[in-house]
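**Student:** What follows is a predicted structure for the sequence shown.
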Amino acid sequence: MVHENNVTALFFTGLFQDPEVQKLCFVLFLPVYLATLLGNGLIVVAVSISKTLHSPMYFFLSSLSLVEICYSSTVAPKFITDLLAKVKTISLKGCLAQIFFFHFFGVVEIILLVVMAYDRYVAICKPLHYMIIMSRQVCHMLVAGSWLGGLIHSIIQIIITIPLPFCGPNVIDHYFCDLHPLLKLACTDTFMERFIVMANSGLFSIISLFILVSSYAIILISLRKHSAEGRRKALSTCASHIIVVILYFGPGAFIYMRPSSAFTEDKLVSVFYTVITPMLNPIVYTLRNTEMKNAIRMFWNQKTSEGPQQK
């Protein structure tokens, strides 16, 4: 049986149905998104202009913040404006583009977190060889590899989705386009596509999580040989990273490493990792890092002092 692909527009059910609750969400999530842009943007600028933040750790943190801005911007602006719209719609091509970039930036972020764990491992376990192992060239290659990994992952996800026929239902039970809700609308059996999606996302997440856990286990074991002061400083840096990893992997694992469902909590969990987590990451890193706080403070003071002079 041949299905004709006659669906060009899709409609979202949204996060909540009540218009008043949606307005309240708009008031809540717009400042969160703006704080995400400001917080991550400040980290990118501070690392690029500060003379004290030129170590590999800050280079990776700056790259992570840049990815956070891109990642959040694939979902948050559309989601926030839709909160005030009676009809929440997106074209099929726009939906596929959102899926592609959402998974692309999401996987780049996962790989960068793994790279940052490797950086901390080298810094703590092989301090004498740190600058040789983590040379500028290696750092750039690791970041480029993160973007390449995200691209490959997204291409696989989108290649299996594009050929699917969409001929009838066009209402997505979600507030943004993601694979599981979209696959439910296909006019064909999508068991194999769902399996590939779960294998692609699930295996990738499991391997990444295994590397992260292994890295920190080795780091914690090696810290026993360090002085009390060295241990405190290393643990402080690693704690920030571990918090970010938990914030990112926890909700993501809940959604992608199990069969899809129509549970409302899926949407609520999705809000956490699409809107809230990108804002929390810069807070976690800057609050626990004196050098970063000082660099941002200096940049902020410089800009605020330039303002009155220009007037």
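**Tutor:** Good, I have the coordinates.

**Student:** Which strand or helix spans the most centrally placed residue in the chain?
**Tutor:** Of all residues in the chain, the one closest to the mean position by C-alpha atoms, centre = their mean is Gly106, 4.4 Å from it. Using DSSP states H and E, Gly106 sits within helix 92-125.

**Student:** Now that helix: average pLDDT?
**Tutor:** With pLDDT averaged residue by residue, helix 92-125 scores 91.

**Student:** for that helix, packing partners?
**Tutor:** Counting contacts by 3 or more C-beta pairs under 8 Å, 6 or more residues apart in numbering; DSSP states H and E, helix 92-125 is packed against strand 9-12, helix 56-73, helix 130-133, helix 136-161, helix 179-183, helix 191-222, helix 228-256. Any C-beta I mention is one placed from the backbone N, CA and C, and that applies to glycine too.

**Student:** Nearest to Lys86 among the ones you listed would be which one?
**Tutor:** Comparing these against Lys86 with C-beta to C-beta, the closest turns out to be strand 9-12 (11.0 Å).

**Student:** So for Lys93, which of the helices and strands packed on helix 92-125 sits nearest?
**Tutor:** strand 9-12 (10.0 Å).

**Student:** strand partners of the closest one, parallel vs antiparallel please.
**Tutor:** strand 89-91 (antiparallel), strand 171-172 (parallel) (DSSP bridges).

**Student:** Where does the prediction get shaky in the protein?
**Tutor:** The chain contains residues with pLDDT under 70 at 1-6, 252-265, 287-288, 305-311.

**Student:** hmm, back to that, how far off helix 136-161 does the helix holding Gly106 point, in degrees?
**Tutor:** Using axes from the mean of the first three to the mean of the last three C-alpha atoms, to 10 degrees, one finds that helix 92-125 and helix 136-161 are set 150 degrees apart in direction.

**Student:** Pull out the buried positions in helix 92-125.
**Tutor:** By 16 or more other C-beta atoms under 10 Å, the buried positions in helix 92-125 come out as 92, 95-96, 98-125.

**Student:** Next, the residues that contact stretch 111-119 from outside, please.
**Tutor:** Stretch 111-119 has contacts (C-beta atoms under 8 Å, 6 or more residues apart in numbering) with 56-57, 60-61, 63-64, 67, 134, 142-143, 145-146, 149-150, 208, 211-212, 215-216, 241, 244-245, 248.

**Student:** Try it again at 7 Å.
**Tutor:** Contacts to stretch 111-119, defined as C-beta atoms under 7 Å, 6 or more residues apart in numbering, come from residues 56-57, 60, 63-64, 67, 134, 142, 146, 149-150, 208, 211-212, 215-216, 241, 244-245, 248.
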